[in-house]
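> below is the sequence, then the predicted model.
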Amino acid sequence: MTATTPEPAASGLGVAVVFEEMHRWYGPVHALDGLSISIAPGELIALLGPSGCGKTTALRALGGLDEVDHGRILVGGKDVTGVPTNKRNMGIVFQSYSLFPNMTARDNVSYGLRLRGVDAKARKKKAEETLDLVGLAVQADRYPHQMSGGQQQRVALARALAIEPSVLLLDEPLSALDAKVRRQLREEIRRIQIMVGITTLFVTHDQEEALAMGDRVGVMSAGRLEQIAAPVELYERPQTRFVAEFVGLTNRIPAKTDGTDVDVLGRRIPLLPGASDRGVVQALVRPENVRVTPAENGSSRVLAVSFLGALCRAQVALPDETIVVAQMAASESSGLYPGVAVDLAVAPAPVFVVAN
Amino acid sequence: MSGSVNTQLGAAAPGGGALLARPKGAGRGRRSSRSQTIARYLILIFILGYLIVPLFASLEFATRGDFDKTTKTFGRSLASFAAIFTYPNLIDSIVASLQIAALTVFGMLLLLVPTMVWTIVRVPRMRRVVEFLCLLPLAIPAIVIVVGVGPIYRWIGQNLGAVGASPLTLALIDIILVLPYSYRALDSSLRGIDTGTLSDASRSLGAGWPRTILQVIVPNIRGGILSASVLAIALVLGEFTISSLLSFNTVQVVIFLLGHRDAYVAVAVSLTALFFAFALLFAIARFAPGAASRAQRVVEEPAA
């Protein structure tokens, strides 16, 4: 539950956005529970969380597509809470394909410009420039049904950017695409966002996407912001149990803590702030912080080894049958086979603990 | 190995033919399939006969010329069709009915399209209520509607003079009558597109509701609008009970009255009206398919 001070903007352009204590109820469901976030001009904030955590509600509230019952939304210092969506000048890319089927790519991109009274010649020029930005200038005369999903989402991005919006809102725009196109497009979106310098709110349930794209990542749960921080900080220093468990892969290893340090697999390592449990607990240890060494007299044994390209993941059973996943460079995995006896150790990175 | 297999096969199939022999009941199956085909054709012929024979009979009746006493047959003539244009009442009623149909279509679309879009986008929980209200006229007998709206028509007639007495005011009732059919046609079309997201996208780009509906939603539910319109036109052109009970001279009422005076012309008018309906259905088939094929096509992702 933190609203941290915004970090320096990605490019210094764009406008600041502030959510102030936003609440939204859908009947008995408290979709937004006092959500407060400050977004710096030009910053890309990724809101991450499970389904129903309120991340899309927050985005829709900023876009004016949904109301808030309490709280304020400030864009560039102005209160836009009651401003209708068509007066907010927000560019939105939706999860489902939202291009107008009756219009070509160029007409889709020109639509917002036409509404702003831009003359036909300038409209055409701007539409082609924006389509060029997303690498689809040659597809300008195609209808949505003649384009692939990835191309449609690119055109949707061009359409959102063409109106030179104050804020860009991305509502899980990659979730309908296959893995390869997803990766390509997320890099492209990030490149364009940095180039244009537009303040962006990106909503996703995909951790990899959020961590790869966001200047900062906000993790939401049950309408509340659990933590908002730079991806590395969020991953390495989670402040709540939810964040520690939700972001990234985590092993639960039996441990003992005195409130300052924690004994895990015979090693004493620092405890992250926020963990209030004492005594016998479970330490949440990242797979890359688990060291596996083949040893004839080792007390643990390898159950399975998965080759993931540059990385390798090994499942190891502790003497008490707790299963621990270790991740290492593929080059360090020689000698690890199912059934091999190994010793396990934990890197001295601070960990979060939860009650046993 | 293969020998043993052959032996087993031989044992199982004495004479080497048992495995290839027709399975039990196969002949019966073929016979049953043949009889099913015959039954299908019979049903088809019966239904086509049921639909087409009356049309041919009407055509035969409407094109009868003078009776030849020697051959005891009728000559052929289009006089009844030509006579349609000589009955001023009939022409007036056709014009009035077409005007009512046009007004009904206009009013129905104006009422239904924004309401349905608004319901889907803003108050989805009200969708059932709107559907129920639209389907309600199916359950209300015409006489009940007439009794219900009688006082309204009396008021319109007394206070709006010529406008009130015009059959065009009948369009107000016809809009209610066509609601169930038009609702269904529009609903299926609106379900075929992502109405909510398209509306959100249009509005976020700066459009108000009227522009969103006219420039984004309507072009993408063209098929549904055409279907709803033709159903409405067909219903209005065929509506007799309410027009008759309210004493308005629509085409069906005049055909009915004409039937007492000149049955040949009455049948000729009916056939012409039917042909008009066919022409409209053809227009739908001609204009509607674009939207459906657009929605269903899939384009592969291009290679990286």
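Received the coordinates, thanks.

> the residue lying closest to A:P238 once chain neighbours are set aside in helix, strand or coil?
Distances taken as C-beta to C-beta, 6 or more residues apart in numbering or on different chains place A:A244 nearest to A:P238, at 3.8 Å, with adjacent residues excluded. C-beta: built from backbone N, CA, C; applies to glycine. State at A:A244, reduced to three classes by DSSP: H, G, I helix; E, B strand; the rest coil: helix.

> can you pull the contacts of A:A244?
Residues in contact with A:A244 (C-beta atoms under 8 Å, 6 or more residues apart in numbering or on different chains) are A:P238, A:T250, A:L272, A:L284, A:F352, A:V354.

> narrow the residues you listed to those that are buried.
A:P238, A:T250, A:L272, A:L284, A:F352, A:V354 (16 or more other C-beta atoms under 10 Å in any protein chain shown).

> what is the nearest of the residues you listed to chain B?
A:T250 (32.6 Å; C-beta to the nearest C-beta).

> local confidence estimate at that closest one?
Turning to A:T250, the model gives it a pLDDT of 88.

> what do you get for A:A10?
pLDDT, A:A10: 41.

> center of the chain - which residue?
Defaulting to chain A. Among the residues of chain A, the one closest to the centroid is A:A210, at 2.0 Å (C-alpha atoms, centre = their mean).

> try chain B instead
Chain B, centroid-nearest residue using C-alpha atoms, centre = their mean: B:L231 at 4.5 Å.

> output the contacts of A:A244 as TSV; include the columns secondary structure.
Shown next, in TSV, are those (three-state DSSP):
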residue	secondary structure
A:P238	coil
A:T250	coil
A:L272	coil
A:L284	strand
A:F352	strand
A:V354	strand
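
> near chain B, which residues of chain A? Just list them.
Residues of chain A found near chain B (C-beta under 8 Å from any C-beta of the partner chain) are A:63-65, A:84-92, A:94, A:96-102, A:111-112, A:115-116, A:143, A:145-151, A:156, A:159, A:163, A:177-178, A:180-181, A:184.

> what's around B:G148, how many residues?
11 (other C-beta atoms under 10 Å in any protein chain shown).

> quick one, grab the pLDDT at it.
At B:G148, the model reports a pLDDT of 83.

> hang on, it in a strand?
No. B:G148: not assigned to a strand; according to three-state DSSP it is helix.

> so what's it up against?
Per C-beta under 8 Å, 6+ apart, neighbours of B:G148: none.

> got a list of contacts for the host helix or strand of A:T293?
According to DSSP states H and E, A:T293 maps onto strand A:290-294. With C-beta under 8 Å, 6+ apart as the contact definition, strand A:290-294 has outside contacts at A:251, A:302, A:314, A:316, A:324-328, A:335-336, A:340-347.

> you'd agree A:L177 is up against A:R154?
No. In this structure A:L177 lies outside contact range of A:R154 using C-beta atoms under 8 Å: 10.5 Å.

> out of these two, which sits in the more crowded spot?
More crowded of A:L177 and A:R154, by other C-beta under 10 Å: A:R154, with 26 against 19.

> pretty sure that one is touching A:L136, no?
Yes. Contact criterion C-beta under 8 Å: A:R154 and A:L136 qualify, at 5.4 Å.

> quick one: low-confidence ranges for chain B?
For chain B, applying pLDDT under 70 flags the ranges B:1-30, B:157, B:161-165, B:280-281, B:284-285, B:287-304.

> now name the helix or strand holding the spatially closest residue to B:T197 that is not a sequence neighbour.
Spatial nearest neighbour of B:T197, chain neighbours left out: A:S98 (4.6 Å); criterion: C-beta to C-beta, 6+ apart. A:S98 is part of no helix or strand when elements are defined by DSSP H and E.

> ok, now how distant is A:L185 from B:I140?
54 Å (C-beta to C-beta, to the nearest Å).

> can you give me the buried ones in stretch B:229-238?
For stretch B:229-238, by 16+ other C-beta under 10 Å, it's B:S229, B:V230, B:L231, B:A232, B:I233, B:A234, B:L235, B:V236, B:L237.

> coming back round to it: who has more neighbours out of A:L185 and B:I140?
A:L185 (20 against 12).

> can you pull the contacts of the more buried one?
Taking C-beta under 8 Å, 6+ apart, one finds A:G150, A:Q153, A:R154, A:P173, A:L174, A:L177 in contact with A:L185.
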